[in-house]
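*Asks:* build me a structure from this.
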Amino acid sequence: MVWTDLFIKRPVLSVVVSLLILLIGFRAATSLPIRQYPKLSNTVVNVTTSYPGASADLIQGFITTPIEQAVASAEGVDYMTSSSVLGTSTIQVYIKLNFDPNQALTEVLAKVNSVKYLIPKESNDPVVTKTTGQTTAVMYLGFSSEVLSGSAISDYLTRVVQPVLSTVDGVASADILGGQTFAMRVWLDPVRMAGRNVSPADVNAAIAANNFQAAAGQAKGYFIVSNVSTNTDLRNLDHFKRHDRQVQGRRLRADRGHRDRRTRRAKY
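*Replies:* Model prediction:
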């Protein structure tokens, strides 16, 4: 005889036992404490440095390696990954589990600042950012216009839309993907540059010296103070062409004056 036969012969007993098990389970579900999941925090600190025009090997040797050696000694660092591509160095620093994110950011930032003198002066300053937890893109928004160009749309999104979306509660960051920034592309003629003994660096320096933002200050009188603003930057193709003609005119006048001085010296 199997002990389960007892419940077959006595159905009332089987019902009572089932109800007893049900009551015990209901009591346990309502009175037993519920343990919460432990709070875990994982932090990743990104160090991005741009050096326009530099090769991947140069980026690796003079930017990525010095920063990695300095950041490796920071407190709370678990491991690091890095990538060096044309013009950009990216280092991802993974912090130990449950380590204070703010302290980790401070440690990494201090180590990066300690080796800034080793980085080439022509490169941009390293940008250190922090991400905590698992970040997921929850929404993609598309913008188009029949009136504005791609650069104008990107400028509008940067000035108006992005600040509003970034202030929404729960939004870590609002990034613009595929934006087009305002820029002027300059095509260089290598033959003419070689004939005039001009390098691309000279062209870049000439454009930077003449395309700048000037702070004119204020004009003060006896009773009023007026703010003075000047448009010293080059904004379109006509401005660049006009500036090029002015530079060529000044160069011709300088060459003519130099020849006149040599002629006067020869006469004397």
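*Asks:* hey, let's count contacts and neighbours off CA atoms from now on
*Replies:* Will do.
*Asks:* who are the contact partners of the closest residue to residue 93 other than its chain neighbours?
*Replies:* Of all residues not flanking residue 93 in the chain, residue 80 sits nearest, at 4.6 Å (C-alpha to C-alpha, 6 or more residues apart in numbering). Residue 80 sits next to 72, 91-94 when contact means C-alpha atoms under 8 Å, 6 or more residues apart in numbering.
*Asks:* mind giving me the domain ranges of the chain?
*Replies:* Annotated domains of the chain cover 1-32, 43-132, 149-182, 190-267 [automatic domain parsing].
*Asks:* may I ask which helix or strand encompasses the residue nearest to residue 93?
*Replies:* strand 77-85 (DSSP states H and E).
*Asks:* dump the next helix or strand after that strand to PDB, keeping only the CA atoms.
*Replies:* Following strand 77-85 in sequence order, the next helix or strand is strand 88-95 (DSSP H and E). What follows is strand 88-95, C-alpha atoms only, in PDB (Å, rounded to 0.1, in the frame of the first residue of the first chain):
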ATOM      1  CA  THR A  88      41.200  61.300 -32.600                       C
ATOM      2  CA  SER A  89      42.300  59.400 -29.500                       C
ATOM      3  CA  THR A  90      39.500  57.700 -27.400                       C
ATOM      4  CA  ILE A  91      40.200  56.100 -24.000                       C
ATOM      5  CA  GLN A  92      37.500  54.300 -22.000                       C
ATOM      6  CA  VAL A  93      38.200  53.900 -18.300                       C
ATOM      7  CA  TYR A  94      36.000  51.300 -16.600                       C
ATOM      8  CA  ILE A  95      35.700  52.000 -12.900                       C
END
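*Asks:* buried ones in strand 88-95, by neighbour count?
*Replies:* Within strand 88-95, the residues that qualify as buried are 88-95, counting by 16 or more other C-alpha atoms under 10 Å.
*Asks:* give me the contact list for the next helix or strand after that strand.
*Replies:* Using DSSP H and E, the next helix or strand after strand 88-95 towards the C-terminus is helix 101-114. Contacts of helix 101-114 with the rest of the structure, by C-alpha under 8 Å, 6+ apart, involve 43, 45, 67, 70-71, 74-77, 95, 126, 128-130, 132.
*Asks:* brilliant, that's me finished.
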